[in-house]
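In: I would like to see how this sequence folds:
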Amino acid sequence: MEKEMLAILSLNEGKFETFMGWMQSDEGMSVRKSVAYPEKTIGGVAPDKSKVMFKVSVHNEAGMKEFVAGKNPIAKGIYEECVASVNLYELSKVDF
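Out: Numbers count the residues shown, from 1 in each chain. Now for the predicted structure:
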């Protein structure tokens, strides 16, 4: 089942380019594809590049939680180097 989630990451100083380069690499894309649909991802960046956020369409919730927690074996190294903290939210539609 597809679920919409929002991940907000605080990055270590000066690590924006390193982190985003990895996320767009073949290795990063393989991890992302294992938990969500990268083609549906919407990203945003803080003006000082200290934070990034991603609205993602998740198909593997347990894997997504492992990924953003920095526990995915493939992503662990880049998270240790670049990510200071992460918040993950479940999104739900609001009718008005």
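In: ok, Leu9 touching Ser50?
Out: No. If you go by C-beta atoms under 8 Å, Leu9 and Ser50 don't touch, sitting 9.6 Å apart. C-betas here are computed from N, CA, C, even on glycine.
In: could you pull out the helices for the protein?
Out: 16-24, 26-35, 61-68, 76-82 (DSSP state H).
In: what angle do the first one and helix 26-35 make?
Out: Using axes from the mean of the first three to the mean of the last three C-alpha atoms, to 10 degrees, the direction of helix 16-24 lies 60 degrees away from that of helix 26-35.
In: which parts of helix 16-24 are buried?
Out: Buried residues in helix 16-24, counted by 16 or more other C-beta atoms under 10 Å: 16, 19-20, 22-23.
In: how about stretch 81-96?
Out: Result for stretch 81-96 [16+ other C-beta under 10 Å]: buried residues 82-83, 88.
In: same check, this time on stretch 50-63
Out: 50-54, 56-58, 61.
In: how many residues are close by Gly43?
Out: For Gly43, the count of nearby residues is 12 (other C-beta atoms under 10 Å).
In: for it, which non-adjacent residue is closest in space?
Out: Phe54 (5.1 Å; C-beta to C-beta, 6 or more residues apart in numbering).
In: show me the beta-bridge partners of that neighbour.
Out: In this structure, Phe54 bridges to Ala7, Gly43 when assessed by DSSP bridges.
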